[in-house]
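Trainee: here you go, sequence then predicted model.
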2 protein chains.
Amino acid sequence: MAATEPAAIDPARAAALDAADPLAGFRDRFVFRDPDLVYLDGNSLGRLPRATGKRLAQVVEEEWGGDLVRGWDHWLELPTKVGDALAGTVLGARAGEVLVCDSTTINFYKLAAAAIKARQGRRAIVAAHDDFPTDRYVLEGLAAANGLELRWLTANPVNGPLPRDVAAALDEEVALVALSHVNYRSAAIADMAGITRLAHDAGALVLWDLSHSAGAIPVELEASGADAAVGCTYKYLNAGPGAPAYLYVRTGLQGELRNPIQGWFGRRDQFAMGQGYEPAPGIASWLTGTPTIVALVAVEEGVRLTAEAGIAAIRAKGIALTEFAIELHDAWLAPLGFELGSPRDAARRGAHVAIRRSDAKRLCAELIEAGVVPDFREPDSIRLGLSPLTTSFANVRTAMDRLRDLATRAAG
Amino acid sequence: MAATEPAAIDPARAAALDAADPLAGFRDRFVFRDPDLVYLDGNSLGRLPRATGKRLAQVVEEEWGGDLVRGWDHWLELPTKVGDALAGTVLGARAGEVLVCDSTTINFYKLAAAAIKARQGRRAIVAAHDDFPTDRYVLEGLAAANGLELRWLTANPVNGPLPRDVAAALDEEVALVALSHVNYRSAAIADMAGITRLAHDAGALVLWDLSHSAGAIPVELEASGADAAVGCTYKYLNAGPGAPAYLYVRTGLQGELRNPIQGWFGRRDQFAMGQGYEPAPGIASWLTGTPTIVALVAVEEGVRLTAEAGIAAIRAKGIALTEFAIELHDAWLAPLGFELGSPRDAARRGAHVAIRRSDAKRLCAELIEAGVVPDFREPDSIRLGLSPLTTSFANVRTAMDRLRDLATRAAG
């Protein structure tokens, strides 16, 4: 190795970073069936915690199999109990403000519809073309149903919507601003407090999608003044494919926003099965149908593990992993025509990194063949999810090394 | 035993019925952790099939733990694959008409909202005060949001809404008739074909809730001309607490009804993540967010077991079990002041039986203490769910015998 080469590419560097990693031991808390697989897609589907397999077996065999319908005596509290755990350890929210239920899509629909209704008379929604599709599609449906205008923010694919972009779209017509906290493609972190303040100044409500931030970076819902939020649990919270999502409504708004889907689990005194819907007190009014218990306990396990590691340590490792990936990109990939699709400023970047080249789709498929699993995002991004609890620095080096090989061959 | 006593109360009778039961062997396919427990609540939460525990462990450990995000290659088809299995074996529907997703409440909301929209201009909904609460609450919310009148059918708590009751509520103002196929309290079977015909004659759409019928009695969606249906899988289909529900939209209506919750799973070419929502072709457009995979495979196992037993045999045993319970009621309980809360005509009765006395709530709690689990339904019903795959005639006899003891003591 020439003396002028960047330190990042020295194989000893990854080993040293792993040796110094205070979270390294957490990898043993997860299942690694194929120890050679380099899995960089924990931001799409997080790995299986060892404890979750055991807990699910216990819930299925003992609680469902043994307690049968009597299991509801303890299952009923799960949506709020797991919500409270998430609130306090991951979301910067208070007990009684978070609920685990339904899917991100359903929760986004419930809250967006409620916000529009609470600002009836205002006729616009502000959203971003760069945001995750399900949020955009839900908003399109609600806009059409309610005769509202959808104001799309100016595209800013790498750095995400900035407060000034939002300010330019705001006026007294806006009912709702609905944005992602961390962009699913670029990992850009939106200024939650700044954007929320601007929206409130204009009289609008703000709904945040935390799917790509919760469990990876600090989320400060209460401190930022956010009105409402949703997010999924199967990424950084490692709760399994399609595990229930969560929603947040700040205490001060709970009397004003109302769940448009009036189900029996959201009703006061549910088992009286009485005539006429009356919302349950507090956050429980955002429940709809029967919660999926086997999936809910997996959320509890995932949140427990995240809380044990602590968001501060997770964030520190997320920064170190993404910085390392960017150093390797600059040394190995930029000369091959790649471009970074994520912010260079670590303070503005979540726990994944997008790297772009026009043949990204083919390279991504080849990487998977070569034992490295990232994912491809249209039109030209390879997204490397560096989930801090389960990704090693050696993983990052191996992935970038293999990608360099494939990209060199493809270019040659 | 005096010669004039009814044959039903002879202990040999239950044993003979069990010995002759062609489905008796299916009890071995389920987990019975406490062999002494008499569980008559399979219509609230069905028992755990042995195969399901194994399948869930495999999906969690091998598919989530090993395949990780690549699991979606086979998970993606589950909502339609399990839907097709349900359609053909349980619901009397065609492939491409049924989808397993979300909860009963969410699916009911989606379909009711779509039906109202498809009959825009009409300003009434017909429903029943005796129907399951979540359906009533959802309709109340939709009626309020859309400025519609809710026409409640005349209460008919034992025999359910009859076609003449529905006819009296129908006119050209009605957009939607939404009813249960089998009443959750009385087990009365509604005349699906007859009521659907009347509604169609008036130009209305019909949405059926099959939660208490599917897996217990034949459901003939296609033959009855039903427009749409929903139902849960955790009762007679034994898919576990809060397992995903299903929905049905008949082929001829699929172009007309539109999912109001536009999520990414319901979009054409979902993973292109493109701008602008376009519904996926066919039944898949009724998906919303990410399906809960661990719970979906439990539905697949439950449906498989039901299909293997066959609805005809299940129905025959359901009739025999409920007839036996009614004979014992008449012999033992009627003299103690009980009244039957279910139809006496087996052709009009599902697989559960309601028996009524003013102290039902206390008796129900005492029964549970005595090792018999039914459930209580306000105001005065003990509901005995006689799930045909898991209930023996001996169970029925034991339950009625213990109830007789408790009721005698309570009365004494």
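Mentor: Right, received. Where do you want to start? This is a predicted model, so every value here is computed, not measured. Numbers count the residues shown, from 1 in each chain, chains lettered A, B, ... in the order given.
Trainee: in terms of pLDDT, where does residue A:2 sit?
Mentor: Residue A:2 is assigned a pLDDT of 46 by the prediction.
Trainee: quick check: residue A:182 vs residue A:160, distance?
Mentor: Going from residue A:182 to residue A:160 by CB to CB, to the nearest Å gives 8 Å. Where you see a C-beta, it was placed from the backbone N, CA and C, and this is true even at glycine.
Trainee: now swap in residue A:383 and tell me
Mentor: For residue A:383, the distance to residue A:160 equals 15 Å [CB to CB].
Trainee: hey, what's in contact with both of residue A:182 and residue A:160?
Mentor: Common contacts of residue A:182 and residue A:160 (CB atoms under 8 Å, 6 or more residues apart in numbering or on different chains): A:188, A:189, A:190.
Trainee: from the residues you listed, which is closest to chain B?
Mentor: Of all the shared contacts of residue A:182 and residue A:160, residue A:188 has the smallest distance to chain B: 16.6 Å, by CB to the nearest CB.
Trainee: show me what counts as buried in stretch A:376-394.
Mentor: The neighbour-count check on stretch A:376-394 (16 or more other CB atoms under 10 Å in any protein chain shown) flags A:376-377, A:380-393 as buried.
Trainee: any stretches of the stretch 1-150 of chain A with poor pLDDT?
Mentor: Filtered on pLDDT under 70, the stretch 1-150 of chain A yields the residue ranges A:1-5.
Trainee: so where do the strands sit in it?
Mentor: Using DSSP state E, counting those that start in this stretch, the strands found in the stretch 1-150 of chain A span residues A:38-39, A:98-101, A:124-128, A:149-153.
Trainee: host element of the residue of the stretch 201-350 of chain A at minimum distance from chain B?
Mentor: Closest approach between the stretch 201-350 of chain A and chain B, counting by CB to the nearest CB: residue A:289, at 2.8 Å. Using DSSP states H and E, residue A:289 sits in no helix or strand.
Trainee: pretty sure it contacts residue B:101?
Mentor: No: judged on CB atoms under 8 Å, residue A:289 makes no contact with residue B:101 at a distance of 11.6 Å.
Trainee: for residue A:295, give me its contacts.
Mentor: By CB under 8 Å, 6+ apart, the contact set of residue A:295 is A:239, A:240, A:242, A:243, A:244, B:242, B:292, B:294, B:295.
Trainee: kindly report the same for residue A:200.
Mentor: Residues near residue A:200 by CB under 8 Å, 6+ apart: A:206, A:225.
Trainee: change it to 7 Å
Mentor: Listed by CB atoms under 7 Å, 6 or more residues apart in numbering or on different chains, the contact partners of residue A:200 are residue A:225.
Trainee: do residue A:17 as well
Mentor: Listed by CB under 7 Å, 6+ apart, the contact set of residue A:17 reads A:320, A:324, A:393.
Trainee: for those, give me a markdown table that also has secondary structure, distance to residue B:31 and pLDDT.
Mentor: Formatted as a markdown table, the contacts of residue A:17 follow (DSSP: H, G, I helix; E, B strand; the rest coil; distance: CB to CB, whole Å; pLDDT from 0 to 100):
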| residue | secondary structure | distance to residue B:31 | pLDDT |
| --- | --- | --- | --- |
| A:320 | helix | 47 | 98 |
| A:324 | helix | 49 | 98 |
| A:393 | helix | 45 | 98 |
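Trainee: any chance of those in JSON lines, with distance to residue B:224 too?
Mentor: Below are these laid out as JSON lines (distance: CB to CB, whole Å):
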{"residue": "A:320", "distance to residue B:224": "62"}
{"residue": "A:324", "distance to residue B:224": "63"}
{"residue": "A:393", "distance to residue B:224": "62"}
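Trainee: and residue A:338, how many neighbours does it have?
Mentor: The number of residues packed near residue A:338 is 21, by other CB atoms under 10 Å in any protein chain shown.
Trainee: that one contacts residue A:329, correct?
Mentor: Yes: using CB atoms under 7 Å, residue A:338 is in contact with residue A:329, at 6.3 Å.
Trainee: please see if stretch A:89-107 touches chain B.
Mentor: Yes: contact of stretch A:89-107 with chain B (CB under 7 Å from any CB of the partner chain) involves A:102, A:103, A:104, A:105, A:106.
Trainee: wait, the third one sits on residue A:233?
Mentor: No: in terms of CB under 7 Å, residue A:104 does not count as a neighbour of residue A:233; the distance is 8.9 Å.
Trainee: between those two, who's got more neighbours?
Mentor: residue A:233 (31 against 28).
Trainee: dump the residue contacts of the more buried one.
Mentor: A:239, A:243, A:244, A:245, A:246, A:299, A:302 are the contacts of residue A:233 under CB under 7 Å, 6+ apart.
Trainee: secondary structure class for it?
Mentor: coil (DSSP: H, G, I helix; E, B strand; the rest coil).
Trainee: excluding covalently adjacent residues, which one is nearest to it?
Mentor: Nearest residue to residue A:233, sequence neighbours excluded (CB to CB, 6 or more residues apart in numbering or on different chains): residue A:239, at 3.9 Å.
Trainee: got the contact list for the one you found?
Mentor: Residue A:239 neighbours (CB under 7 Å, 6+ apart): A:233, A:298, A:299, A:302.
Trainee: quick one, which of those residues are buried?
Mentor: By 16+ other CB under 10 Å, the contacts of residue A:239 give A:233, A:298, A:299, A:302 as buried.
Trainee: pretty sure the last one is touching residue A:236, no?
Mentor: No: shown here, residue A:302 and residue A:236 do not form a contact pair, counting by CB under 7 Å, at 8.6 Å.
Trainee: I'd assumed residue A:362 was in contact with residue A:382.
Mentor: No: Residue A:382 is beyond contact range of residue A:362, at 10.4 Å (criterion: CB under 7 Å).
Trainee: about what we covered before: ok, residue A:289 and residue B:101, which is more surrounded?
Mentor: Ranked by neighbour count (other CB under 10 Å), residue A:289 and residue B:101 place residue B:101 first, with 31 against 27.
Trainee: how much space between that one and residue A:111?
Mentor: In terms of CB to CB, residue B:101 sits 20 Å off from residue A:111.
Trainee: chain B contacts on the stretch 251-400 of chain A?
Mentor: Looking at chain B, the residues of the stretch 251-400 of chain A close enough under CB under 7 Å from any CB are A:260-264, A:267, A:272-273, A:275, A:277, A:288-295, A:373, A:375, A:378.
Trainee: could you rerun that using 10 Å?
Mentor: The stretch 251-400 of chain A comes close to chain B at residues A:258-267, A:270-279, A:287-296, A:298, A:368, A:373-379, A:385, as judged by CB under 10 Å from any CB of the partner chain.
Trainee: inside helices: which ones of those residues?
Mentor: Among those, the ones falling in helices (DSSP state H) are A:293, A:294, A:295, A:296, A:298, A:368.
Trainee: name the nearest residue to the first one, ignoring sequence neighbours.
Mentor: Put plainly, it is residue A:293. Leaving aside its sequence neighbours, residue A:293 sits nearest to residue B:241 (CB to CB, 6+ apart; 4.0 Å).
Trainee: what sits against that neighbour?
Mentor: A:59-60, A:63-64, A:67-69, A:71-72, A:75, A:78, A:290-294, A:296, B:44-46, B:48, B:234, B:295, B:298 (CB atoms under 10 Å, 6 or more residues apart in numbering or on different chains).
Trainee: shared neighbours of residue A:382 and residue A:362, which are they?
Mentor: Both residue A:382 and residue A:362 are contacted by residue A:376, under the criterion CB under 10 Å, 6+ apart.
Trainee: so residue A:140 versus residue A:131, what's the distance?
Mentor: Counting by CB to CB, the gap from residue A:140 to residue A:131 is 12 Å.
Trainee: the more surrounded of the two?
Mentor: Taking neighbours as other CB under 10 Å, residue A:140 and residue A:131 compare with residue A:131 leading, 22 against 17.
Trainee: I appreciate the help and will end here.
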